[in-house]
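> My questions concern the predicted model and sequence given below.
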Amino acid sequence: MNIQRASKSEGLLIATCLLIIWGNRLLTLTAFPGIVHTPDSASYLSSNFLNFDKFSLLGHAMRPWPTTFLYAIVPENFLVLAQLLISGCAAWLFLVTVLPVIKSIRGKWMAGILLAICMSSTSRISWDTLANAQSLSNSLSILSLVFLIRLKIERFSKANFIFFVICIFMLSVQRPANILILVTYFILLIVMADQKGRSSLVALSLFLTISSLFIANNQNHAWPSTYSGYALTGHLIDASPVSINFAATLQKKGAPECVLRNNLQALDPHGSLYCPQGSEWVQNNMTKTYISFLFSHPREVIALMKYGFYGAFTDSSVKYGSSISILPRSIDTLFIGERDPNTIINGSSVVVGNHSMFLPGLFVCLIFLCLVFKTLFLGRIRLASPIITTLIFAFGVNTLAILVNSCFIAAEWTRILEPYSFLITTIAIVGSLLILEEDNKRLSI
């Protein structure tokens, strides 16, 4: 009787999760079937179906090839459908991977509902209606974790290993900053592998890292005005929390006045404020000056990291795409967070102004960290589950990625750090429930 009741409960849970995951996406597709264009979209979209003019496997294009390839093989009228399907499948695969690991029915229900909401909120699926790399990046980040967990569960299944390699490689190509994820995940794989397989994994990880760097370097050169130091000049904009002190440092280092006054506009060769001597100085001096600035101003590093977490765990202040939710807004944003959409253009966050910060996503992460601390350092329970260990490792890797990348991002923290915060929140939900379940099991023995 108990088995039948559990089976019915699991069936109802699956149906509920399916409704949340696919219901939100179906409503969104019905209401917003056309892809949303931004000024960046032109560099992603092909001129017509099966035209690969924006695609380059080696990175000889402004945008990453996974997204431009998808946009070339899918007609523009069906791009929203394609992105919603990919993100929905990634969410569903994650659920069916982690739910069997949780043993109790109550734990399954909590994990299923919370994860379905987290991965199907308007904040997540609004990216799927946009012509941008973010949708595919979010999906690849979840898929990479799915196959990493499956590798751990199935003890190095070949099929899961192949899919994991594909996902993590495409994710690293999507943005050079994701190479950190590639390297650290492969370190975990090398630790997981037996002695015979470690040498081949080392070789594969080196090959993929070098090829990712090669593609990223080629893509960097494809930009007409991108070179070493160009993006770092963005820290002179008021949106950056270090703009005042960084400007003072540059002035001491002899930076041209045109750069200090007009920042990025002084580096645009097609703009009216273009400054050749400023462009030359930035190319030769900006990177080393900025790194020196960070080392000599540790408080500014902390300010950048704090701002990065602010951006990572709050909703974007500018809604690029559009979406509809089957849930009330208060529940829909429960594990995402939001702030007032009262800010400057292009999604750049501002330092001053009144903003509502609603950070339950970060709160979930703090709960997870407290449970991990109790487990590892207070010695009350021991981590028996290898899945918990894998989740803790992935949590740490993505947290480190936010901290490192926050030091170099000058705008759009929410968009750029989205895949990391997305993974961290989902990991915290599953990891917390697994640790509590393990704790209860040991206490009952």
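The structure has been received and is ready for your questions. In this text the structure is predicted, and so the values were computed from the model without any measurement.
> Relative to Phe373, how far out is the residue nearest to Tyr420 when sequence neighbours are not counted?
Excluding its sequence neighbours, the residue lying closest to Tyr420 (Cβ to Cβ, 6 or more residues apart in numbering) is Asn398, at 4.4 Å. Any C-beta I mention is one placed from the backbone N, CA and C, and that applies to glycine too. In this view, Asn398 and Phe373 are 18 Å apart by Cβ to Cβ, to the nearest Å.
> for stretch 34-45, which positions count as buried?
Across stretch 34-45, burial judged by 16 or more other Cβ atoms under 10 Å covers 35-36, 40-41, 44-45.
> of these, closest to Ala231?
Asp40 (14.6 Å; Cβ to Cβ).
> wait, what's in contact with that closest one?
Residues near Asp40 by Cβ atoms under 8 Å, 6 or more residues apart in numbering: 131-132.
> phi, psi of it?
phi -80, psi -20 (degrees, to the nearest 10).
> Select the longest helix from this protein.
Using DSSP state H to define each element, the chain has its longest helix at helix 413-444.
> Next, the buried residues of the worst-scoring helix or strand of the chain on mean pLDDT.
Sorting the helices and strands of the chain by mean pLDDT, DSSP states H and E puts helix 329-332 at the bottom, at a mean of 78. Judged by neighbour count (16+ other Cβ under 10 Å), helix 329-332 contains these buried residues: Asp332.
> Show me what whatever helix or strand comes next after that helix is packed up against.
Using DSSP states H and E, the helix or strand that directly follows helix 329-332 along the chain is helix 360-377. If contacts are counted by 3 or more Cβ pairs under 8 Å, 6 or more residues apart in numbering; DSSP states H and E, helix 360-377 sits against helix 386-406, helix 413-444.
> Restrict the shortest one to CA atoms and write it as CSV.
The reference is to helix 386-406. Backbone C-alpha positions of helix 386-406 (Å, rounded to 0.1, in the frame of the first residue of the first chain) are rendered in CSV as follows:
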residue,chain,number,x,y,z
PRO,A,386,29.4,11.1,-3.6
ILE,A,387,26.7,13.3,-5.2
ILE,A,388,26.9,15.8,-2.3
THR,A,389,30.7,16.0,-2.8
THR,A,390,30.2,16.7,-6.5
LEU,A,391,27.6,19.4,-5.8
ILE,A,392,29.9,21.1,-3.2
PHE,A,393,32.7,21.1,-5.7
ALA,A,394,30.5,22.5,-8.4
PHE,A,395,29.1,25.1,-6.0
GLY,A,396,32.6,26.2,-5.1
VAL,A,397,33.8,26.4,-8.7
ASN,A,398,30.8,28.6,-9.8
THR,A,399,31.2,30.8,-6.7
LEU,A,400,34.9,31.3,-7.5
ALA,A,401,33.9,32.1,-11.1
ILE,A,402,31.6,34.9,-9.9
LEU,A,403,34.3,36.3,-7.6
VAL,A,404,37.0,36.3,-10.3
ASN,A,405,34.8,37.6,-13.2
SER,A,406,33.3,40.3,-11.0
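> Go ahead and name everything in contact with that helix.
Contacts of helix 386-406 (Cβ under 8 Å, 6+ apart): 101, 145, 148-149, 152-153, 177-178, 180-181, 184-185, 188, 304-305, 307-309, 311-312, 365, 368, 372, 383, 413, 416-417, 420-421, 423-424, 427-428, 430-431, 434-435, 438.
> picking up where we left off before, for the helices and strands packed on helix 360-377, which has the smallest mean pLDDT value?
If you rank those by mean pLDDT, helix 413-444 sits at the bottom with a mean of 83.
> Val430 against Ala111, yeah?
Yes - if you go by Cβ atoms under 8 Å, Val430 and Ala111 touch, sitting 5.9 Å apart.
> what do those two both touch?
With Cβ under 8 Å, 6+ apart as the test, Val430 and Ala111 both reach 98, 102.
> Dump stretch 326-337 to CSV, keeping only the CA atoms.
In CSV, the C-alpha atoms belonging to stretch 326-337 read as follows (Å, rounded to 0.1, in the frame of the first residue of the first chain):
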residue,chain,number,x,y,z
ILE,A,326,1.7,30.4,-14.7
LEU,A,327,2.8,31.3,-11.1
PRO,A,328,2.1,34.5,-9.1
ARG,A,329,5.0,37.0,-9.4
SER,A,330,5.8,36.7,-5.6
ILE,A,331,6.4,32.9,-6.1
ASP,A,332,7.9,33.3,-9.5
THR,A,333,10.7,35.5,-8.2
LEU,A,334,11.1,33.6,-4.9
PHE,A,335,14.5,32.0,-5.7
ILE,A,336,15.6,34.6,-8.3
GLY,A,337,15.4,38.0,-6.6
